[in-house]
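Asker: Need the 3D shape of this:
(2 chains)
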Amino acid sequence: MIGLLMARAAQPLAGVAPALRWGLLGVLVLLILGAIASFALPLFRPGKSYLELQQRVWSWWVMAALIAGALIAGWQVTLVLFAAISFMALREFLSLAPMRREDRLVILLAYLVIIPSYGVLFLDRYGIYLVVIPVWTFLLIPFVMACIGQTRAYLTTAATFHWGLMTCVFNLGFAAYLSRAPLSEAPEAGGAGLLFFLLVATELNDVAQFVWGKLFGRHKIVPKVSPNKTWEGFLGGWITTAVVIWFLGPVFTPMRGIALATLAFALPLAGFAGDVTMSAVKRDIGVKDTSRLIPGHGGVLDRADSLTFTAPLFFHLLLFFNMGRAPWP
Amino acid sequence: MALIRLLLLVLLARPIARFMTGADVIGREHLPKRGPAIIAANHNSHVDTLLLLTIFPPHLMGFVRPAAAADYFLRDPFIGWFSRKLVGIVPVERAKAGTGADVLAPMREALSQGAIVILFPEGTRGPGTDEMGELKGGIARLAEAFPDAPVIPIWIEGAGRVLPKGALLPVPLNCTVLVGEAVPRGADRPAFLTALRDRLLALKAEAPPQRWR
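Answerer: The predicted structure follows:
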């Protein structure tokens, strides 16, 4: 009876590649260790407030559960989840970026662009995906703004819209599209495995930079933009992530040799670049976090800032080294 | 009816509020944990009411009642029914203010029943600029009549952009609800109003810049 129930419970996992199952199990172990640490630390070193650490760990549980659920459910659900993430990130960005009163309906138009952008990924029309935002939205939004007729700060506002759509929608879309890769292109763990690997590498890089910086950080790396970032954190995170990519890459991706070495070298750099770039945007606006949606982390954009750089990088390296042509049809 | 209202608030209004505004709350610990209590908030949009109704935990939502203009919300039977039964408004006869009629009576009644009454002391929605309008004196009289009900100042940033006065189409944009500590009762009504105004402006200064350039 119990065996039957367990088999029933495991049924949704039947279509999940074994490597991905092990990967998800590994994440679960890390989450349990994190939870134990967040409750054990106050016992050993009392006096400090551990509320933020506990919130941070709990938020990791929620985020991991959402992503794991989508990966198990399939690429359709993954695309919907990422469309929702893009919407929340774009809402955070457009709410804080300087926008003019006359742009209210243009903001609505910018959200609507999420539908065709993710829609063509649903239809597997990669060629069209590459022009929906970078060409056609790029042309349409300034034209609509011109029709509305407010020319004060016109150019900066048009550029702000484009920057927000490129980072929050176009770049995050690459991550979601990985999950559509057919098994023939990624036999190790399927498309879901590719996305899982990208997310683990990116978030590990964030965490490793943070931990190395906390433990050994002394020399500031970009003091004007992000005063908490140090050379020690940057280099420690870089090496840690590169090593993990080198050893886990063959488990989840078709990348080997020079391709994998390039990824191990470049992905931690891209993650750092995404973090610093978004920090510059936040500093310009005068906020520390883009919202308070994720307790202990800040907003969606605070969590996904590195991903807006690492997702296209991983996607294009994969394309260049392992597909060598336009990807799956 | 109370159950239907609660279900609609939790299952419909709260997801809508989160979708449209993100519904960030700073200072949640200052929200009153029981009635009677008076919430004094700035007012730029109907979204203000939606946010204030939905940031409370479900076991308190039933007590939360927004004061609203009778001349606006009770003008036609459907909107009137919706406002009274589902939003749970306490009607205020704005037109009768200053005529000697007791316009605060419905609010006193609600407070004596243990409600958490939401008041917009500016009296109407502002134009969505960053300025706060003149605060009306009614809240000071109400606070005097209920010395045990804390008056909690709340600044709502950004709601005037989601659905400004006169607009039909709402546009999703993040809003932040900043909740302050209870305003101390002043020596007299003008002192109380000044203290309330200062508290609201102090909260505004803490808000993220979710406003037009």
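
Asker: who in the stretch 1-150 of chain A is up against chain B?
Answerer: Within the stretch 1-150 of chain A, the positions lying close to chain B (C-beta under 8 Å from any C-beta of the partner chain) are A:87-88, A:91-92, A:94-96, A:98-101, A:104-105, A:107-108, A:111. (Glycine included, C-beta is placed from N, CA and C.)

Asker: mind checking which helix or strand B:Ala187 is in?
Answerer: Assessed by DSSP states H and E, B:Ala187 sits outside every helix and strand.

Asker: Contacts only, for B:Lys204.
Answerer: B:42, B:130, B:132, B:155, B:157, B:178 (C-beta atoms under 8 Å, 6 or more residues apart in numbering or on different chains).

Asker: Can you verify it is assigned to a helix?
Answerer: Yes - the assignment for B:Lys204 is a helix, going by DSSP: H, G, I helix; E, B strand; the rest coil.

Asker: For chain B, what lies in contact range of chain A?
Answerer: B:22, B:24-26, B:128, B:158, B:161, B:164, B:167, B:169, B:171-174, B:176, B:208-210, B:212-213.

Asker: Filter those down to the ones in strands?
Answerer: Using DSSP state E, the subset of these located in strands is B:24-26, B:176.

Asker: mind checking pLDDT for the residue sitting nearest the centre point of chain B?
Answerer: The centre of chain B sits closest to B:Ile118, judged by C-alpha atoms, centre = their mean, with a distance of 3.8 Å. Model confidence at B:Ile118, given as pLDDT, is 96.

Asker: Can you spell out which helices and strands pack onto the helix or strand where it lies?
Answerer: Using DSSP H and E, B:Ile118 falls within strand B:116-119. Helices and strands touching strand B:116-119, by 3 or more C-beta pairs under 8 Å, 6 or more residues apart in numbering or on different chains; DSSP states H and E, are strand B:37-41, helix B:46-54, strand B:64-69, helix B:105-112, helix B:138-145.

Asker: Please convert the buried members of the residues of chain B next to chain A into ChimeraX selection syntax.
Answerer: This is how ChimeraX selects the buried members of the residues of chain B next to chain A, with burial counted by 16 or more other C-beta atoms under 10 Å in any protein chain shown:
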select /B:22,24,25,26,128,158,161,164,167,171,172,173,174,176,208,209,210,212
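
Asker: Give me the subset of the residues of chain B next to chain A that lies in helices.
Answerer: Counting by DSSP state H, these place B:Arg161 in helices.

Asker: B:Gly186 contacts B:Arg197, correct?
Answerer: No - B:Gly186 is beyond contact range of B:Arg197, at 11.3 Å (criterion: C-beta atoms under 8 Å).

Asker: burial of the residue nearest to A:Thr230 when sequence neighbours are not counted, as a residue count?
Answerer: Of all residues not flanking A:Thr230 in the chain, A:Gly217 sits nearest, at 3.3 Å (C-beta to C-beta, 6 or more residues apart in numbering or on different chains). A:Gly217 has 20 neighbours, counted by other C-beta atoms under 10 Å in any protein chain shown.

Asker: Please tell me how far A:Gly217 sits from chain B.
Answerer: 27 Å (C-beta to the nearest C-beta, to the nearest Å).

Asker: check contacts around that residue.
Answerer: A:228, A:230-233 are the contacts of A:Gly217 under C-beta under 8 Å, 6+ apart.

Asker: For those residues, pick the one with the most neighbours.
Answerer: A:Gly233 (24 neighbours).

Asker: Phi and psi next, for that residue.
Answerer: Torsion angles at A:Gly233 (phi, psi; degrees, to the nearest 10) stand at phi -60, psi -40.

Asker: Let me know how buried the closest residue to it other than its chain neighbours is, in neighbour terms.
Answerer: Among residues not flanking A:Gly233 along the chain, A:Gly213 sits closest, at 2.6 Å (C-beta to C-beta, 6+ apart). Residue neighbour count, defined by other C-beta under 10 Å, stands at 21 for A:Gly213.

Asker: doesn't A:Trp238 make contact with A:Gly213?
Answerer: No - contact criterion C-beta under 8 Å: A:Gly213 and A:Trp238 do not qualify, at 11.8 Å.

Asker: how many other residues sit next to the residue lying closest to B:Val171 once chain neighbours are set aside?
Answerer: In space, and not counting its chain neighbours, B:Val171 is closest to A:Leu108: 4.8 Å by C-beta to C-beta, 6+ apart. For A:Leu108, the neighbour count with other C-beta under 10 Å is 14.

Asker: And what about A:Leu108, helix, strand or coil?
Answerer: helix.

Asker: And the residue of the stretch 201-329 of chain A that's closest to chain B?
Answerer: A:Arg292 (4.3 Å; C-beta to the nearest C-beta).

Asker: Where does pLDDT dip in the stretch 51-200 of chain A?
Answerer: Applying pLDDT under 70 to the stretch 51-200 of chain A picks out no residues at all.

Asker: Show me where it has its helices.
Answerer: Using DSSP state H, counting those that start in this stretch, the helices of the stretch 51-200 of chain A run over A:51-73, A:75-96, A:104-112, A:114-122, A:126-131, A:138-148, A:154-165, A:172-178, A:190-216.
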